[in-house]
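Trainee: Predicted structure and sequence below. I'll ask about it afterward.
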Amino acid sequence: MNTATMDVNNDSCQIDLGIGGMTCASCVSRVEKVLRKQPGVSAATVNLATESARITLSGPQDAAALAVLRRAVRDAGYEPRAADAMDQELTERWLGVPVDALPVVFGALLSAPLALPMIGDLLGKHWMLPAWAQFLLATPVQFWLGARFYKAGWHALKALTGNMELLVAIGTTAGWALSTWLWLRAEPGEMVHLYYEGSAVVITLVLLGKWLEARAKRQTTAAIRALHALRPERAHLVPDGVKRTEMSDVPVDELLAGDIVRVLPGERFPADGEMLLGETQADESMLTGEAMPVPKQPGDRVTGGSLNGEGSVEIRVKAVGAQSVLAHIIALVQDAQAGKAPVQRMVDQVAAVFVPVVLVIALITLGAWLWKGVPMEVALLHAVAVLVIACPCALGLATPAAIMAGTGVAARHGILIKDAEALEIAHKVDTVAFDKTGTLTVGRPTLRLVEALPGADETAVLGAAAALQAQSAHPLAHAVTEAARSRGIAVLPDAAQDVQAVTGKGTRGTVQGAQLALGSLRWMEELGLPLAALGPLAATVRRQQAEGATVSLLASRAGEGQVWSPLALFAFGDEAKPGAREALARLKQRGLRLFMVSGDNKGAAEAMARQLGMDVDGGAVIAEVLPGDKAAVVQRLRGGGREFSAGPPQAEFAPPGGAATRAAAERGGHTVAMVGDGVNDAPALAAADVGVAMGGREGGSDVAMHAAGITLMRGDPMLVEAALDISRRTVSKIRQNLFWAFAYNAAGIPLAALGYLSPVLAGAAMAMSSVSVMSNALLLKRWKPGR
């Protein structure tokens with residue numbers, strides 16, 4: 001089906017349209033030009049590997065606009081169809097044979113008798129069919145099975161362009177016509193050598209190559225199909241006692257937010273929701289790559305598509321359709337596979353002139369051999385070999401096939417790559433900056449210490465702080481309220497009035513008539529409470545910071561214009577994520593510069609950095625950075641990593657060894673990846689060359705995911721190195737494919753022109769070139785993240 005997504009921000013929409021009949025990079029270029037000329041089209045990108053186009057309309061989609069696009073594709077000589085038609089047609093069979101393989105089967109049956117004489121020559125036998133029999137066998141192959149080449153070639157000629165079909169049609173027609181001419185001019189009873197087998201076998205081999213190529217293409221889209229298969233067809237809707245008095249099964253598409261659904265053991269959750277009743281374990285491996293089942297109990301979130309374990313549970317539906325996590329994942333993977341990598345632009349430029357250049361070379365070959373004095377039929381065969389061996393299809397498949405395979409296997413392991421450009425840039429990264437809380441640490445800090453000034457009641461102080469933080473979603477606020485509840489203190493949100501969150505600093509408000517402020521030491525200095533003014537609390541502050549704690553102060557004043565006075569000290573502790581130290585060590589082994597960017601105080605940030613094995617003395621910690629300044633920090637890192645304006649003065653950064661780092665230093669800049677998981681990380685993720693959003697934290701990570709080029713579906717720091725690794729491997733496959741595609745044509749065309757390749761061998765080589773490019777790309781499917 002055709003899919004369209006509206007962008008309500010700029011009143012535009014995207015349409016995915018399947019396109020049949022494309023075979024090479026020249027076809028891609030042709031279709032893109034046609035689509036971009038249509039009214040209302042602002043952009044069009046065609047993907048040969050998926051046989052589809054993504055079209056951006058400057059206005060909303062309507063039936064007329066879609067009809068115009070389909071007509072334009074058809075008039076260009078291609079077949080508009082459903083975006084998923086490539087998957088559907090491979091499932092149809094006739095007498096046990098896939099329908100799309102029937103032309104290959106018929107071609108082989110008709111060509112085999114023609115090829116027997118070549119086999120006989122190798123065995124010293126003379127197996128030659130009569131000329132009329134060769135004609136009867138070769139003609140159906142040429143004009144029935146080969147009709148697709150004439151049709152596509154004719155459309156290319158009308159558009160004054162060229163494509164693979166035009167080369168095949170001209171080359172094989174020349175061979176068939178030459179054989180027919182030699183047969184008709186021969187004397188009765190005269191034995192003449194005909195070349196019908198060359199044309200017939202070439203067409204059959206090309207059809208075989210395209211069939212194998214189509215099967216390989218289908219494997220590259222396996223990740224998308226696997227994700228679609230995760231969503232069940234029906235859901236068990238629990239009666240609400242009003243409209244429904246008994247359990248009923250309904251299609252998943254009919255579920256609404258707020259519905260209550262029962263999920264039986266072994267079934268998949270039909271939608272994103274919240275656990276209401278029962279306990280179970282959810283297998284989320286297909287979504288996050290996490291192999292271990294995740295325990296679920298009432299209040300926990302569940303993701304549609306994940307597999308329910310041994311418990312019968314009920315959930316309240318929170319998100320359905322395009323708003324669900326599964327739909328978001330599918331959309332990201334489809335966007336990445338539909339996009340065009342920057343390197344593909346160079347390939348498109350080559351493809352635009354490839355076919356005309358090959359035709360000129362074939363004419364030169366024909367003329368040169370005739371000038372040399374060889375018979376016309378020999379010269380023509382050499383020219384045909386040039387036409388047949390030239391392969392623009394391998395060029396067209398080299399990049400999209402690798403991108404599809406790379407993004408698909410990454411998605412299966414919990415790494416979502418937003419677009420091809422992010423994939424291509426990621427392998428150049430030489431600097432990685434990490435947010436601390438929730439990215440390198442667990443993100444669930446606990447309150448280690450509450451120390452009140454002499455004369456202040458510690459319980460009352462904790463209760464007042466909890467009331468001030470009751471409505472905040474900040475991890476430190478959660479730690480305060482949890483500590484209060486654990487001590488039997490009632491947390492009453494209404495006890496605080498005029499509560500105001502000061503971004504990156506803390507919270508202020510009024511509790512029982514007193515104005516309170518709870519926040520960082522830096523904010524306290526701005527309020528007139530430097531460390532020296534804290535009296536007996538100063539020593540505790542220094543000691544807690546040295547131990548790696550995050551320290552906040554609670555201060556009070558009688559009213560506006562009055563002086564702030566310290567009340568108590570709050571020390572928080574967080575733990576490093578399991579595997580974080582190993583993940584950083586692996587990145588360091590790659591020669592990457594590593595930094596921690598944190599809004600925490602310098603002592604706590606450096607203590608955690610030392611625990612993680614980071615180079616604190618080398619300036620790897622950038623602390624006391626306000627959320628709004630993180631993007632500026634990333635910009636400084638891109639420019640060389642010096643002279644930070646945010647926070648206290650930092651040490652200059654000496655880049656470690658590594659070829660990527662040295663190359664970046666020589667060009668006067670660095671390629672920076674920023675890794676974060678919260679709302680306040682979004683500007684920094686957008687400012688980095690590659691933003692990496694780490695999932696796992698509810699709410700904030702969703703915002704980060706929209707700003708990032710790469711999304712990690714689980715909060716495992718090891719996936720950062722894995723994302724860079726799959727990027728490097730995918731780009732390597734792209735380069736390999738492009739090298740072999742260019743090298744194949746650079747070597748094959750001269751060999752054919754010099755007479756070293758027959759049309760049959762040239763056809764076999766041309767057919768296998770595309771298959772080899774696809775097969776090389778599919779090797780990426782074996783990739784797994786290192787551990």
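Mentor: Everything's here; your move.

Trainee: going forward, measure contacts and count neighbours with C-alpha atoms only.
Mentor: Fine.

Trainee: Quick check: which element contains the spatially closest residue to residue 142 that is not a sequence neighbour?
Mentor: What sits nearest to residue 142 in space, not counting adjacent residues and going by CA to CA, 6 or more residues apart in numbering, is residue 200, at 6.3 Å. For residue 200, the element it lies in under DSSP states H and E is helix 196-220.

Trainee: tell me which residues in stretch 499-513 are buried?
Mentor: 499, 501, 504, 505, 506, 507, 508, 509, 510, 511 (16 or more other CA atoms under 10 Å).

Trainee: And stretch 724-733, by the same measure?
Mentor: Buried-residue list, stretch 724-733, by 16+ other CA under 10 Å: 724, 725, 726, 727, 728, 729, 730, 731, 732, 733.

Trainee: host element of the fourth one?
Mentor: Right, the one you point to is residue 727. Assessed by DSSP H and E, residue 727 sits inside helix 718-753.

Trainee: Tell me who's in contact with the spatially closest residue to residue 320 that is not a sequence neighbour.
Mentor: Once flanking residues are discounted, residue 320 sits nearest to residue 271: 5.8 Å by CA to CA, 6+ apart. Taking CA atoms under 8 Å, 6 or more residues apart in numbering, we find residue 271 in contact with 252, 303, 304, 305, 317, 318, 319, 320, 324.

Trainee: For the helix holding residue 727, name the packing helices and strands.
Mentor: Applying 3 or more CA pairs under 8 Å, 6 or more residues apart in numbering; DSSP states H and E, one finds that helix 718-753 makes contact with helix 376-389, helix 392-412, helix 420-426, helix 580-589, strand 710-712, helix 759-778.

Trainee: now these in TSV, with mean pLDDT, distance to residue 468 and mean neighbour count?
Mentor: What follows is those, written out as TSV (pLDDT from 0 to 100; distance: least, CA to CA, whole Å; neighbours: other CA atoms under 10 Å):
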stretch	mean pLDDT	distance to residue 468	mean neighbour count
helix 376-389	84	76	26
helix 392-412	80	42	28
helix 420-426	83	42	22
helix 580-589	91	33	18
strand 710-712	86	34	30
helix 759-778	79	56	24
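
Trainee: Including distance to residue 462, could the ones you listed go into JSON lines?
Mentor: Below are these laid out as JSON lines (distance: least, CA to CA, whole Å):
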{"stretch": "helix 376-389", "distance to residue 462": "80"}
{"stretch": "helix 392-412", "distance to residue 462": "45"}
{"stretch": "helix 420-426", "distance to residue 462": "46"}
{"stretch": "helix 580-589", "distance to residue 462": "33"}
{"stretch": "strand 710-712", "distance to residue 462": "37"}
{"stretch": "helix 759-778", "distance to residue 462": "59"}
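
Trainee: still on that earlier bit, the helix holding residue 200 versus helix 392-412: what angle between them?
Mentor: With axes from the mean of the first three to the mean of the last three CA atoms, to 10 degrees as the basis, helix 196-220 and helix 392-412 are set at 20 degrees to each other.

Trainee: Now do helix 196-220 against helix 376-389: the angle between them, please.
Mentor: Using the same axes, to 10 degrees: helix 196-220 against helix 376-389 is 0 degrees.

Trainee: Quick one: mean pLDDT over helix 196-220.
Mentor: Averaging pLDDT along helix 196-220 yields 75.

Trainee: count of neighbours near residue 596?
Mentor: 24 (other CA atoms under 10 Å).

Trainee: Show me what it is bridged to.
Mentor: Note on residue 596: beta-bridge partners by DSSP bridges are residue 434, residue 621.

Trainee: The residue nearest to residue 320 and residue 278: what is the separation?
Mentor: Separation of residue 271 from residue 278 (CA to CA, to the nearest Å): 17 Å.

Trainee: how about the helices in the stretch 101-250 of the chain?
Mentor: In the stretch 101-250 of the chain, the helices defined using DSSP state H, counting those that start in this stretch lie at 102-123, 131-140, 147-158, 164-185, 196-220, 222-229.

Trainee: Output those in a markdown table; the columns should cover distance to residue 536 and mean neighbour count.
Mentor: A markdown table is the format used below for the helices of the stretch 101-250 of the chain (distance: least, CA to CA, whole Å; neighbours: other CA atoms under 10 Å):
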| stretch | distance to residue 536 | mean neighbour count |
| --- | --- | --- |
| helix 102-123 | 88 | 17 |
| helix 131-140 | 99 | 17 |
| helix 147-158 | 86 | 18 |
| helix 164-185 | 83 | 20 |
| helix 196-220 | 66 | 25 |
| helix 222-229 | 59 | 17 |
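
Trainee: mean pLDDT lowest for which of the ones you listed?
Mentor: Lowest mean pLDDT of the helices of the stretch 101-250 of the chain: helix 222-229, a mean of 71.

Trainee: what's the angle between it and helix 392-412?
Mentor: Following the same axes, to 10 degrees, one obtains 40 degrees for the angle between helix 222-229 and helix 392-412.

Trainee: gap between helix 222-229 and the chain center?
Mentor: 14 Å (CA atoms, centre = their mean, to the nearest Å).

Trainee: ok, back up a step: so for residue 56, which of the helices and strands packed on helix 718-753 sits nearest?
Mentor: helix 420-426 (17.1 Å; CA to CA).

Trainee: Can you dump the C-alpha atoms of the closest one in PDB for me?
Mentor: Taking Å, rounded to 0.1, in the frame of the first residue of the first chain, the C-alpha atoms of helix 420-426 are listed here in PDB:
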ATOM      1  CA  ALA A 420      21.900   7.500   5.800                       C
ATOM      2  CA  GLU A 421      23.900  10.700   6.500                       C
ATOM      3  CA  ALA A 422      24.100   9.900  10.200                       C
ATOM      4  CA  LEU A 423      25.400   6.400   9.300                       C
ATOM      5  CA  GLU A 424      28.000   7.800   7.000                       C
ATOM      6  CA  ILE A 425      29.200  10.500   9.400                       C
ATOM      7  CA  ALA A 426      29.400   8.200  12.500                       C
END
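
Trainee: Check which helices and strands it sits against.
Mentor: Secondary-structure packing of helix 420-426 (3+ CA pairs under 8 Å, 6+ apart): helix 342-372, strand 690-694, helix 718-753.

Trainee: Export those to JSON lines and append columns for mean pLDDT.
Mentor: Formatted as JSON lines, the helices and strands packed on helix 420-426 follow (pLDDT from 0 to 100):
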{"stretch": "helix 342-372", "mean pLDDT": "81"}
{"stretch": "strand 690-694", "mean pLDDT": "86"}
{"stretch": "helix 718-753", "mean pLDDT": "88"}
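
Trainee: Mean neighbour count, those: which tops it?
Mentor: The highest mean neighbour count among those, using mean count of other CA atoms under 10 Å, belongs to strand 690-694: a mean of 31.

Trainee: Run through who's touching it.
Mentor: 422, 425-426, 439, 672-677, 684-685, 701, 704-705, 707-716, 720.

Trainee: Direction included, what does that strand pair up with?
Mentor: Under the rule (DSSP bridges), strand 690-694 has strand 672-676 (parallel), strand 710-712 (parallel) as partners.

Trainee: Output it as PDB - backbone C-alpha positions only.
Mentor: What follows is strand 690-694, C-alpha atoms only, in PDB (Å, rounded to 0.1, in the frame of the first residue of the first chain):
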ATOM      1  CA  VAL A 690      26.200  12.700  15.400                       C
ATOM      2  CA  GLY A 691      23.700  12.800  18.300                       C
ATOM      3  CA  VAL A 692      23.200   9.500  20.100                       C
ATOM      4  CA  ALA A 693      20.100   9.300  22.300                       C
ATOM      5  CA  MET A 694      20.100   6.600  24.900                       C
END
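
Trainee: relative to helix 718-753, how tilted is it?
Mentor: Put simply, strand 690-694 runs at 130 degrees to helix 718-753, going by the same axes, to 10 degrees.

Trainee: so what pLDDT did residue 643 get?
Mentor: For residue 643, the model assigns a pLDDT of 42.

Trainee: pLDDT, distance to residue 167 and secondary structure added to the buried residues of stretch 499-513, as a markdown table?
Mentor: Converted to a markdown table, these look like this (pLDDT from 0 to 100; distance: CA to CA, whole Å; DSSP: H, G, I helix; E, B strand; the rest coil):
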| residue | pLDDT | distance to residue 167 | secondary structure |
| --- | --- | --- | --- |
| 499 | 85 | 74 | strand |
| 501 | 82 | 69 | strand |
| 504 | 75 | 65 | coil |
| 505 | 83 | 69 | coil |
| 506 | 87 | 70 | strand |
| 507 | 89 | 72 | strand |
| 508 | 89 | 75 | strand |
| 509 | 88 | 78 | strand |
| 510 | 88 | 81 | strand |
| 511 | 86 | 83 | strand |
